[in-house]
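Below are the sequence and a predicted model for it; my questions follow.
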Amino acid sequence: MRTLLLLRHAKSAWDHVGLDDHERPLNKRGVRDASAMGGYIAKHDLRPDLILCSDAVRARATLTLMLQAFGGAPIPEVRYEPRLYLAEPAAIVEVLSRVEAAVGRCLIVGHNPGMHALALGLVGDGNRKDISALALKFPTAGLAAIEFDDLPWNGLKPGTGRLSAFVSPKLL
């Protein structure tokens, strides 16, 4: 079984006039939410083997705070991927397709609308309430856990995943 964890970066600050979108930091709520989601991942034994993260400041900051919430456990391998910045689903799948077969659980920290569209496209089964919530919105710091039976990372197809969890900081 493989598990894909999709985490949308936490809420970013918009009060820095003239700052490039790529360079926007997290706001106070974003800092709190990123830590909360890291705690959720650790508490629910969803620690990834590999983390693929957009190189945008807000995505890197989300990841840093999330990892701090893991506590003293070993830190998973992290790869910063410029191609994940504002990526469309096909670009995210392309990055994911290069993940080694030995990786059982992979976390991607990225951006909407690509993360939302990818999650909706991959999910074919799961808790109907969670699927409905996901269909409505993939909020900042939201996490979707999608499980796949015996498919390699380069073989994921639309509708083949089972949504095993969908949470947002507001639900914690």
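Happy to help now that I have it. Numbering: from 1, shown residues only.

pLDDT weak spots in this structure?
Within the chain, the set of residues satisfying pLDDT under 70 comprises 16-17.

Tell me where it has helices.
Listed in chain order, the helices of the chain (DSSP state H) span residues 28-43, 57-68, 89-96, 114-122, 128-136.

a markdown table for these, including distance to residue 76 and mean neighbour count?
Glycine gets a C-beta too; all of them are placed from N, C-alpha and C. Written out in a markdown table, the entries for the helices of the chain read as follows (distance: least, CB to CB, whole Å; neighbours: other CB atoms under 10 Å):
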| stretch | distance to residue 76 | mean neighbour count |
| --- | --- | --- |
| helix 28-43 | 10 | 19 |
| helix 57-68 | 8 | 22 |
| helix 89-96 | 15 | 18 |
| helix 114-122 | 19 | 22 |
| helix 128-136 | 24 | 14 |
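
any chance of those helices in CSV, plus distance to residue 13?
Shown next, in CSV, are the helices of the chain (distance: least, CB to CB, whole Å):
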stretch, distance to residue 13
helix 28-43, 8
helix 57-68, 8
helix 89-96, 25
helix 114-122, 20
helix 128-136, 25
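
out of those, nearest to residue 8?
Distances from residue 8 to each of the helices of the chain were compared by CB to CB, and the smallest falls on helix 114-122, at 5.2 Å.

out of the helices of the chain, which comes closest to residue 103?
Closest to residue 103 of those is helix 89-96 (CB to CB; 9.9 Å).

Need the CA coordinates for that closest one. PDB is fine.
Listed in PDB are the C-alpha atoms of helix 89-96, where the atom choice follows Å, rounded to 0.1, in the frame of the first residue of the first chain:
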ATOM      1  CA  PRO A  89      -2.000  18.400 -11.400                       C
ATOM      2  CA  ALA A  90       0.000  17.000 -14.400                       C
ATOM      3  CA  ALA A  91       3.200  18.700 -13.100                       C
ATOM      4  CA  ILE A  92       2.700  17.300  -9.600                       C
ATOM      5  CA  VAL A  93       2.100  13.800 -11.000                       C
ATOM      6  CA  GLU A  94       5.300  14.200 -13.000                       C
ATOM      7  CA  VAL A  95       7.300  15.000  -9.900                       C
ATOM      8  CA  LEU A  96       5.600  12.200  -8.000                       C
END
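
So what's the gap between that helix and the chain middle?
13 Å (CA atoms, centre = their mean, to the nearest Å).
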